[in-house]
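Asks: Here's a sequence, model it:
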Amino acid sequence: MLEFFKEGLLQFLSYSGFGNCTWGHIIMICIGLVFIALGIIKEYEPLLLVPIGFGIIIGNIPFTDGLQVGVYESGSVLNYLYFGVVKGFYPPLIFLGIGAMTDFSALISNPKLILVGAAAQFGIFAAYITALLLGFTPMEAGAIGIIGGADGPTAIFISSKLAPSMMGAIAVSAYSYMALVPVIQPPIMRALTTPQERLIRMRPPRAVSHREKVLFPMLCILLTAFLVPTGLPLLGMLFFGNLLKESGVTKRLANTASGPIVDIVTILIGLTVGASTQATNFLRPASILIFVLGAFSFVIATASGVLFVKFFNLFLKGDNKINPLIGNAGVSAVPDAARVSLIEGQKYDRTNFLLMHAMGPNVAGVIGSAVAAGILLSFLY
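Replies: Model (predicted):
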């Protein structure tokens, strides 16, 4: 009888997390706890970091293969939820919500700011070239480079097409740098600008008519989709969501897109992306290199936006000049990057409100990252 209970206990332990735990699982669980702490204590993108952090914990609970509980096990609940990441239909739904929440007035009133958003996408292609030089395949390099856009949904969409095996590392890297925008960007902005440039006051944005707001998403989808049809899933949903918002006759649909839909998808995408970082698949030298390249891409993107504004100002006069502190907002981290512009600007002039100006390149960055994704897919996929 004693032997029977002993065997039963040993068998139970062999199926438990204690019997299958490795140092890799412990390391990843600690990383998940750090993500949750950053989201709750520091309030760095809590809507992203808390679900991802908890997902990392769920994904790294040790278990015996064949129990159909892991995100990579066919038939498991997590595997079904992860299907939206693998097939890339969560990101377009996120873009639908972003479009329904976004006011493009700042960009419409000052169209030249779209060039700042375009310049910031240089980080994507700089990281792509660097990844190629480090030995990654062209498709893997393209998926890694998109991290520089600071756009988590686009990173997931691209990696699901080009490098599914690296999706967990790429997605976590992209969301991590999005959350750390207030930490990473300010030192770069201060290093690349002079005290005089930080004090530049920009002309107040002009009032934008309702007709302009309605025409903008329709004209943009025609222009961008004809240019890069491969970006249609993201661009189409982005501008459709914006049309729902600005038309004035589909308020219920806009509220649904910007509220319940985007909230549900954010939960699912964060939880399943976190769960995909199982220690056996995630703790590899390639994952560390992806994080390094992601940081490089993000730094280059921020610097490119700031430097482009400085260059652009050589051709502008008087109150047409642009404050270089809004150049950082060319990345797609809406609206955190624009808030960083405001906070940095008010350190030197408390009456200089740069937020509305910074929203121009910030929303342009959303469009730019989707267009860049379409360009990469067009010649890599």
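Asks: measure residue 251 to residue 125 for me?
Replies: To residue 125, residue 251 is 39 Å away according to Cβ to Cβ, to the nearest Å. From N, CA and C alone the C-beta is placed, and that goes for glycine too.
Asks: the more surrounded of those two?
Replies: For the pair residue 251 and residue 125, the greater number of neighbours falls to residue 125 (20 against 11), based on other Cβ atoms under 10 Å.
Asks: That one: what's it in contact with?
Replies: With contacts defined as Cβ atoms under 8 Å, 6 or more residues apart in numbering, the neighbours of residue 125 are 145, 372.
Asks: again, but for residue 90
Replies: The neighbourhood of residue 90, defined by Cβ under 8 Å, 6+ apart, consists of 84, 153, 156, 265, 268-269.
Asks: separation between it and residue 246?
Replies: Between residue 90 and residue 246 the distance, using Cβ to Cβ, works out to 24 Å.
Asks: swap in residue 126?
Replies: Applying Cβ to Cβ, the value for residue 126 to residue 246 is 34 Å.
Asks: quick one: which of the two has more around it?
Replies: More neighbours surround residue 246 than the other of residue 126 and residue 246, with 23 against 20 (other Cβ under 10 Å).
Asks: ok, and the closest non-adjacent residue to the more buried one?
Replies: Ranked by Cβ to Cβ, 6 or more residues apart in numbering and with sequence neighbours excluded, the top spatial neighbour of residue 246 is residue 213, at 4.2 Å.
Asks: would you put the C-alpha positions of the host helix or strand of the one you found in PDB?
Replies: Secondary structure assignment for residue 213, by DSSP states H and E: helix 210-227. What follows is helix 210-227 as a C-alpha-only set of coordinates in PDB (Å, rounded to 0.1, in the frame of the first residue of the first chain):
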ATOM      1  CA  HIS A 210     -15.700  68.500 -41.200                       C
ATOM      2  CA  ARG A 211     -15.500  68.000 -45.000                       C
ATOM      3  CA  GLU A 212     -11.700  67.800 -44.800                       C
ATOM      4  CA  LYS A 213     -11.900  65.300 -42.000                       C
ATOM      5  CA  VAL A 214     -14.300  63.100 -43.900                       C
ATOM      6  CA  LEU A 215     -12.400  63.300 -47.200                       C
ATOM      7  CA  PHE A 216      -9.000  62.600 -45.500                       C
ATOM      8  CA  PRO A 217      -9.400  58.800 -44.800                       C
ATOM      9  CA  MET A 218     -10.900  58.200 -48.300                       C
ATOM     10  CA  LEU A 219      -8.200  60.000 -50.100                       C
ATOM     11  CA  CYS A 220      -5.500  58.400 -47.900                       C
ATOM     12  CA  ILE A 221      -6.700  54.800 -48.500                       C
ATOM     13  CA  LEU A 222      -6.800  55.300 -52.200                       C
ATOM     14  CA  LEU A 223      -3.200  56.800 -52.200                       C
ATOM     15  CA  THR A 224      -1.600  54.400 -49.800                       C
ATOM     16  CA  ALA A 225      -3.400  51.200 -50.900                       C
ATOM     17  CA  PHE A 226      -2.600  51.800 -54.600                       C
ATOM     18  CA  LEU A 227       1.000  52.500 -53.600                       C
END
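Asks: Show the average pLDDT along that helix.
Replies: If you average the pLDDT over helix 210-227, you get 95.
Asks: and the helix or strand that that helix is followed by, what other elements does it pack with?
Replies: Heading C-terminal from helix 210-227, the first helix or strand you meet, by DSSP H and E, is helix 232-246. In this structure, helix 232-246 packs against helix 90-101, helix 152-162, helix 210-227, helix 251-256, helix 355-380, with contacts taken as 3 or more Cβ pairs under 8 Å, 6 or more residues apart in numbering; DSSP states H and E.
Asks: Adding distance to residue 342, write the ones you listed out as CSV.
Replies: Written out in CSV, the entries for the helices and strands packed on helix 232-246 read as follows (distance: least, Cβ to Cβ, whole Å):
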stretch, distance to residue 342
helix 90-101, 18
helix 152-162, 22
helix 210-227, 23
helix 251-256, 26
helix 355-380, 4
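Asks: how many other residues sit next to residue 140?
Replies: By other Cβ under 10 Å, 23 other residues sit near residue 140.
Asks: can you pull the contacts of the residue nearest to it when sequence neighbours are not counted?
Replies: Counting by Cβ to Cβ, 6+ apart, the nearest residue to residue 140 once its immediate chain neighbours are dropped is residue 163, at 4.6 Å. Contact criterion Cβ under 8 Å, 6+ apart gives 139-140, 142-144, 170 as the residues in contact with residue 163.
Asks: Ranking by neighbours, what's the top pick from those residues?
Replies: Looking at the contacts of residue 163 with neighbours defined as other Cβ under 10 Å, the largest count falls to residue 144 at 35 neighbours.
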